[in-house]
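1. next input, structure requested:
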Amino acid sequence: MEIFRAFLALGLTSFGGPVAHLGYMRREFVSRRGWLDEDDYAQLLAICQFLPGPASSQMGFAIGLLRGGWCGALAAFAGFTLPSALLMFGFAYVALGWQSEYAKAATHGLKLVAVAVVAHAVIGMARQLTPDMGRRLIAIGAVAGVLASPTPLMQLVVIGVGAVLGQFVCRRATTPRASVLDLPVRAWHVVLFGAYAILLALALLVSVQGLSPLALFAAFYRTGALVFGGGHVVLPLLQEAVVSPGWVSQDTFLAGYGAAQAVPGPMFSLAAFLGASTPLQPVVGAAIALAGIFLPGFLLLGALLPVWSRMSTHPRAAMSIAGANAAVVGVLAAAFYNPVWIQGVRSLSDALVAGVGLLMLLALRRGAPWAVLWCTFATTCAYAVTRH
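-> Numbering: from 1, shown residues only. Take a look at the predicted model:
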């Protein structure tokens with residue numbers, strides 16, 4: 001219940017997309033609760049960036065797993081995902097009155113919350129994970145690489161390059177001490193990986209010509225298993241999965257995407273809207289779509305996390321992990337600029353609103369909800385003033 005309540009609070013307030021979610025989680029579980037330290041969090045972030053699936057949901061799943069076992073992992077997933085899934089399910093039933101200009105102004109305020117949250121995360125992680133010039137140069141190089149080619153593949157490349165460079169520029173890094181990531185490798189981890197691979201193979205073989213519960217599950221499982229980077233990257237695959245076969249219209253798909261911008265929690269909860277919008281019974285369709293899109297990432301993470309933890313304790317692994325962690329800071333900094341800053345800040349007044357939100361996060365121990373209230377209130381009032 002402790003894990004569920006903590007993640008439910010995030011699920012109700014974590015606006016701004018996956019990069020912002022990672023900032024929220026760092027603040028909650030590293031800075032405030034102390035469930036992880038910066039090194040553990042960075043290691044989890046690195047493996048979640050490497051694996052396909054929703055990075056922020058996988059991060060929450062991993063934190064719950066380390067804190068409370070598999071029950072803790074399921075509690076974290078339920079708490080973080082349930083609010084957005086229910087909201088997206090509800091959007092499948094109601095008229096699109098939420099597209100009013102005031103609602104759009106408030107939604108823009110939520111983007112400014114993301115600016116403040118991600119900036120706060122970059123500042124905190126940079127202080128901890130780039131203490132010397134060598135690691136700062138790795139982070140700067142990662143920023144340049146990701147901005148030059150803003151693709152999920154480039155994120156994997158720069159983290160890998162950071163790990164290699166760490167062997168040369170991070171020689172002062174100490175061997176990792178025993179941490180919450182030290183997990184034994186069990187036979188059932190092999191079973192989890194086998195389940196992931198078998199389900200993917202079956203999902204690739206299922207025909208999409210006719211709509212059925214099995215076909216719907218296969219379509220969303222393929223999407224969750226093959227998308228790297230999560231967040232907005234999943235949209236083209238989802239469009240191919242449900243619009244191309246004619247299960248959901250293009251207009252309905254775009255309406256769901258717009259709704260997903262206005263709710264907290266993971267972008268992958270859009271699956272609840274799409275599943276409910278198919279000709280299947282809405283509750284059944286939403287449940288199948290959610291299970292299909294989240295399951296592959298969780299199976300793969302559960303299978304490989306112990307392998308990652310054993311690799312991280314190797315004497316020479318400390319240097320590679322230090323380099324990879326520095327690259328992760330660069331990846332997050334690049335994501336702060338594109339898409340968070342570019343999509344969120346449209347004027348000097350936007351920058352000031354986000355700056356005040358950042359000061360709230362820096363000064364207040366529990367400032368995230370206040371930042372949400374401030375940014376949405378400020379942008380809504382600004383629209384009312386300009387309109388009248």
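2. mind showing which ranges of the stretch 151-300 of the chain have poor pLDDT?
-> Applying pLDDT under 70 to the stretch 151-300 of the chain flags residues 152, 173-183, 208, 228-233, 235-236, 254-255, 258, 261-262.
3. all helices for it, in order.
-> 152-169, 187-205, 213-226, 234-242, 250-260, 270-277, 282-312 (DSSP state H, counting those that start in this stretch).
4. tell me which of the ones you listed sits most buried.
-> Burial of the helices of the stretch 151-300 of the chain is given as mean neighbour count (mean count of other Cβ atoms under 10 Å); helix 270-277 ranks first at a mean of 28. Where C-beta positions appear, they are placed from N, C-alpha and C, glycine not excepted.
5. ok, and the closest non-adjacent residue to the residue nearest in space to the middle of the chain?
-> In the chain, the centroid-proximal residue (Cα atoms, centre = their mean) is residue 56; its distance is 2.5 Å. Once flanking residues are discounted, residue 56 sits nearest to residue 21: 3.6 Å by Cβ to Cβ, 6 or more residues apart in numbering.
6. residues near residue 363, how many?
-> Applying other Cβ atoms under 10 Å, we find 9 residues neighbouring residue 363.
7. over to residue 66?
-> Residue 66: 23 neighbours (other Cβ under 10 Å).
8. over to residue 249?
-> 12.
9. residues contacting the nearest residue to it once chain neighbours are set aside?
-> What sits nearest to residue 249 in space, not counting adjacent residues and going by Cβ to Cβ, 6+ apart, is residue 243, at 7.3 Å. By Cβ atoms under 8 Å, 6 or more residues apart in numbering, the residues touching residue 243 are 249, 250, 253.
10. got the contact list for residue 282?
-> Taking Cβ under 8 Å, 6+ apart as the definition, contacts of residue 282 comprise 89, 92, 93, 275, 276.
11. just say helix, strand or coil for the third one.
-> Of the three states, residue 93 takes coil under DSSP: H, G, I helix; E, B strand; the rest coil.
12. thinking again about what came up before, nearest to residue 110 among the contacts of residue 282?
-> Residue 110 lies nearest to residue 89 out of the contacts of residue 282, by Cβ to Cβ, at 19.9 Å.
13. for the closest one, give me its contacts.
-> 272, 273, 276, 282, 283, 286.
14. picking that back up, OK, contacts around the residue nearest to residue 56?
-> So residue 21 contacts 10, 14, 56, 59, 60, 265, 266 (Cβ under 8 Å, 6+ apart).
15. widest-spaced pair of the contacts of residue 282?
-> 93 and 275 (13.1 Å).
16. picking up where we left off before, mind putting the contacts of residue 89 in CSV, distance to residue 112 included?
-> As requested, these are arranged in CSV below (distance: Cβ to Cβ, whole Å):
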residue, distance to residue 112
272, 26
273, 25
276, 30
282, 34
283, 35
286, 30
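17. what segments of the stretch 1-150 of the chain are helices?
-> Using DSSP H, counting those that start in this stretch, the helices of the stretch 1-150 of the chain run over residues 2-13, 18-26, 38-50, 55-91, 101-129, 133-148.
18. what residues sit buried inside the last one?
-> Using 16 or more other Cβ atoms under 10 Å as the burial criterion, the residues of helix 133-148 that qualify are 134, 135, 136, 138, 139, 141, 142, 143, 145, 146.
19. pLDDT check: weakest of those?
-> Least confident of the buried residues of helix 133-148 in the model: residue 146, at 88.
20. need the contact list for that residue.
-> Contacts for residue 146 (Cβ under 8 Å, 6+ apart) come out as 154, 155, 158, 330, 331, 334, 335.
21. count of residues packed around the fourth one?
-> It stands for residue 330. 29.
22. now it. Nearest residue, chain neighbours left out?
-> Residue 330's closest residue in space is residue 142 (Cβ to Cβ, 6+ apart), at 2.6 Å.
23. the one you found: what's it in contact with?
-> Contact partners of residue 142, counting by Cβ under 8 Å, 6+ apart, are 158, 159, 161, 162, 326, 327, 328, 329, 330, 331, 333, 334.
24. one step back: any chance of the helices of the stretch 151-300 of the chain in CSV, with distance to residue 110 too?
-> Below are the helices of the stretch 151-300 of the chain laid out as CSV (distance: least, Cβ to Cβ, whole Å):
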stretch, distance to residue 110
helix 152-169, 24
helix 187-205, 33
helix 213-226, 25
helix 234-242, 18
helix 250-260, 12
helix 270-277, 16
helix 282-312, 22
